[in-house]
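Visitor: Fold the following and give me the result.
(one chain, ligands or ions: 2)
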Amino acid sequence: MLNIVTTFFSRGDLLFKGGWQGKILRVDLSKGKIWDEPLDKDIAYNYVGGRGVAIKILWDELKPGTDPLSPDNILVIASGPLSGSPMPSSGKLVVAAKSPLTGGYGDGNLGSEATQYIKGFGYDAIVITGKAEKPVLLHLSENGAELRDASSYWGMKALDTIDAIKKDFEKTVSVLTIGPGAEKLVKFGVVVSERTRSGGRPGIGTVFGSKNLKAVVVDRKPDFKMYDFDEARNLGNEAAKFLKNAEMYKAWVNQGTMLTIEWSQENCVLPTHNFSDGVFDEWEGISGDTMYEKYKFKISGCPFCTMPCGNMSRAKAEPFAGIEVELDYENVAMLGSNLGIGSMDAIIMLNYLADQYSIDTISLGSAIGFAMELYEKGKLPEKYKDGLDLKFGNVDAAIELTERIANRKDGLGKILSEGVKKAAEIIGNGAELYAIHVKGLEVSAYDCHAAPGMALAYATSPIGAHHKDAWFIAQEVKKGRLEYERWKAEGVIELQRIRGGMFEYFVGCRLPWVELGLSLDYYPRFFKAVTGEDYNFDKFFEIADRIYALIRAFWIREFGHWKREYDYPPMKWFEVPLTKGPYAGHKLDRSKYDQLLSHYYDIRGWDENGIPKVSTLKKLGLDFVIPELSKIVKLTE
Ligand code: PTT
Ligand code: SF4
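Guide: Residues are numbered from 1 along each chain as shown. Ligands and ions are numbered 1, 2, ... in the order given. A predicted model of the protein is given here:
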């Protein structure tokens, strides 16, 4: 099976001064057809890249109500103008689609050399529709793009697939792939790259699986057009020097995101026993220090990063000894304290299984924790117990359940593979109280019983509960933690504009700024050097607001209605108080949360139900959504 690209617009770069390469690679897997299209200037300038380009394409082209697992879903793999450039930590790529887990907009951001090589071949994004008859992989090389038979890789675990493809191709390639969990359509399948990077929590890996797309393979092609490469390189060197001299640099490369375990324990936000406690008695066994001193054997990380934070760690204790995996905070908290597991060796095993099957660690930890809490509370009906002793801390049960979820084994495994929202609906018996999610996406690893601002950040995240758009908790614990005042809504929105906006459309890692304090003022300078365009922060924020409003419009269109309650945090944080630690007894106050949410809507220019107002849509240049939205909901002027 071979399809060479017929390039009718081979010099896309002529459209732009740099950064943007000017073409989109289109692939229809059903027809086995591949072609080029120019990147629309309006999309580039007003939505920039990554998440921005993805939502614009989904809005324009996805038929409302499309089944996310049908051939008609649209898979977008998008770099951004700054990806792969001398901007620090620029080796990131966005993968997006309509989410099979939530039914709304879904994306993820993962480290991959492919982000640079795709641009080397002149593309800003790859857009894939249809479904291949048999498993295929998409290969980009000097000869064009082709679909190849991938039957021999189908069923292979994700990390093994990366090794096998790299060996078979006999040259340097970057690989994006999935494992058997995503192939079998576990709803929270992720995409894996570079062996240690995974992204697309809301089931973007599952969309690969539904299309019989095993992998995207891109030959090494590092050079792409930039406006003023010398200036970009000088700025990159200056920024790298700052980062290397930053006070936290050494601690960061030693432990990376694992520094957060101790911080979360101290601040009573460490998810423990399915978000019941906030502190974990055995936290020291899973801390960053323990990881660094006993388990870490190598620094890893994303490509082109001068502050690599990946903790390659090796299990020591039998029966897991020798298993190697990269440990990050979310993985350790959700597969450790959240399950009452204090053994790093067991966590390494669980994390390894998640990576090999290509299923999201956060949703996996949430699903198992949910089942364990139901079991311990006597709320898991007998018919769903499947012979498992699901007590918190039972490592064997957690591993067995992981296998059953990843293989969608009939019974509890299959039910949990749908995500906790759906699982709670199936189980009934009041189970929804223990399902920790927003809009169907499981909450990442911060307990918010006593953190209303972070609860708002989760509740208003554009993909469902994820911390990537606004890690407000760090500010909140320092100042007025229990308040529900307007400054919190302002703070969440500011972070959403920077993290969920700028870094998701540039596309690059936000951590040089977040963790080591690289000044944000560098970013308009990088933008100018790479693209030749003068954008200031007002413009950057306006673009972020445009993307947010369009994503909200997309959710409304897909749901066919909208309710304010969709922007609520998990019910448990309102109803069941924290049981341990300095904030024991605390829970969120619903009426005060409602006031905070109203502040949020007011600042965003959205109405009391969370629907963007006509004036806001017009101000953001989104007039084109008004006719469609007004057929579904009543719009406010
Ligand atoms: C991200 C989410 C996170 S966020 C983690 S650990 W984290 C989990 N990692 C998983 C994994 O590993 N294997 C697996 N099977 N599932 C996993 N699910 C979880 O996915 C990641 C880093 C991290 S480590 C974070 S915070 C930052 N995230 C960024 C972001 O979102 N945007 C951005 N511009 N920069 C970021 N920098 C940091 O990147 P999702 P990665 Mg991941 C093995 O993708 O879908 O967004 O979910 O991307 O390349 O692995 O880097 O304590
Ligand atoms: Fe990747 Fe960490 Fe570097 Fe960010 S700081 S690019 S997550 S290695």
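Visitor: Going by C-alpha atoms from here, please, whenever you check contacts or count neighbours.
Guide: OK.
Visitor: Just to check, Val530 is in contact with Gly19?
Guide: Yes - assessed by C-alpha atoms under 8 Å, Val530 is found in contact with Gly19 at 5.2 Å.
Visitor: Need the overlap of contacts for these two.
Guide: Residues touching both Val530 and Gly19 (C-alpha atoms under 8 Å, 6 or more residues apart in numbering) are 81-82, 226-227.
Visitor: What residues does the stretch 251-400 of the chain have near ligand 1?
Guide: By the rule C-alpha under 6 Å from any ligand atom, the part of the stretch 251-400 of the chain lying against ligand 1 is 257, 328-331, 354-355, 358-362.
Visitor: Out of those residues, grab the one that's most surrounded.
Guide: Ile359 (37 neighbours; other C-alpha atoms under 10 Å).
Visitor: beta partners for that one?
Guide: With DSSP bridges as the criterion, Ile359 is bridged to Gly189.
Visitor: Quick check: it vs ligand 2, distance?
Guide: Going from Ile359 to ligand 2 by C-alpha to the nearest ligand atom, to the nearest Å gives 19 Å.
Visitor: Please name the residues that touch that residue.
Guide: Contact analysis of Ile359 by C-alpha under 8 Å, 6+ apart lists 181-182, 186, 188-190, 205, 406.
Visitor: Repeat the analysis, applying 10 Å as the threshold.
Guide: Taking C-alpha atoms under 10 Å, 6 or more residues apart in numbering as the criterion, Ile359 is in contact with 158, 178-182, 185-192, 198-201, 203, 205-206, 351, 353, 402, 405-406, 417.
Visitor: Quick one: buried ones out of these?
Guide: 158, 178-182, 185-192, 198-201, 203, 205-206, 351, 353, 402, 405-406, 417 (16 or more other C-alpha atoms under 10 Å).
Visitor: so of the residues you listed, which ones are in strands?
Guide: If you go by DSSP state E, these have 191-192, 198-199 in strands.
Visitor: which pair in those spans the largest distance?
Guide: Pairwise distances across these (C-alpha to C-alpha) peak at 6.6 Å, for the pair Val192 and Gly199.
Visitor: what touches both of these two?
Guide: Common contact partners of Val192 and Gly199 (C-alpha under 10 Å, 6+ apart): 110-111, 205, 358-359.
Visitor: near ligand 2, anything from stretch 331-343?
Guide: No - residues of stretch 331-343 are not located near ligand 2 by C-alpha under 6 Å from any ligand atom, the shortest gap being 13.6 Å.
Visitor: Residue numbering should commence at 824 henceforth.
Guide: Understood, numbering begins at 824; the last thing we discussed is stretch 1154-1166.
Visitor: thought Lys989 was touching Ser1016?
Guide: No - look at Lys989 against Ser1016 with C-alpha atoms under 10 Å: they stay out of range, at 11.7 Å.
Visitor: So the two - more neighbours on which side?
Guide: Comparing Lys989 with Ser1016 by neighbour count (other C-alpha under 10 Å), the higher total belongs to Ser1016, at 25 against 16.
Visitor: From the shared contacts of Val1015 and Gly1022, pick the one nearest ligand 2.
Guide: Lowest distance from ligand 2 to the shared contacts of Val1015 and Gly1022 (C-alpha to the nearest ligand atom) belongs to Gly934, with 6.0 Å.
Visitor: and Asp865, how many neighbours?
Guide: Neighbour tally, Asp865, other C-alpha under 10 Å: 9.
Visitor: Dump stretch 1365-1381 to CSV, restricted to CA.
Guide: C-alpha atoms of stretch 1365-1381 as CSV (Å, rounded to 0.1, in the frame of the first residue of the first chain):
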residue,chain,number,x,y,z
GLU,A,1365,-7.1,38.0,22.7
ILE,A,1366,-6.1,34.9,20.7
ALA,A,1367,-6.3,32.8,23.9
ASP,A,1368,-9.8,34.2,24.6
ARG,A,1369,-10.9,33.5,21.0
ILE,A,1370,-9.7,29.9,21.3
TYR,A,1371,-11.5,29.4,24.6
ALA,A,1372,-14.7,30.8,23.3
LEU,A,1373,-14.6,28.7,20.2
ILE,A,1374,-13.9,25.6,22.3
ARG,A,1375,-16.9,26.4,24.5
ALA,A,1376,-19.0,26.9,21.4
PHE,A,1377,-17.8,23.5,20.1
TRP,A,1378,-18.9,21.7,23.4
ILE,A,1379,-22.3,23.4,23.2
ARG,A,1380,-22.7,22.4,19.6
GLU,A,1381,-21.7,18.8,20.4
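Visitor: Just give me how far that stretch sits from the chain centre.
Guide: In terms of C-alpha atoms, centre = their mean, to the nearest Å, the centre of stretch 1365-1381 is set 17 Å apart from its chain centre.
Visitor: quick one: the strands in the stretch 1074-1223 of the chain?
Guide: 1119-1123, 1133-1137, 1147-1150 (DSSP state E, counting those that start in this stretch).
Visitor: Could you tell me the end-to-end distance of stretch 1038-1055?
Guide: For stretch 1038-1055, the first-to-last residue distance is 32 Å (C-alpha to C-alpha, to the nearest Å).
Visitor: For it, list every residue counted as buried.
Guide: 1038-1045, 1047-1052, 1054-1055.
Visitor: Check the offset of it from the chain's centre.
Guide: Offset of stretch 1038-1055 from its chain centre (C-alpha atoms, centre = their mean): 24 Å.
Visitor: sorry, back to before: closest one of the shared contacts of Val1353 and Gly842 to ligand 1?
Guide: Leu905 (11.5 Å).
Visitor: Show me where the protein dips below the pLDDT cut-off.
Guide: 824-836 (pLDDT under 70).
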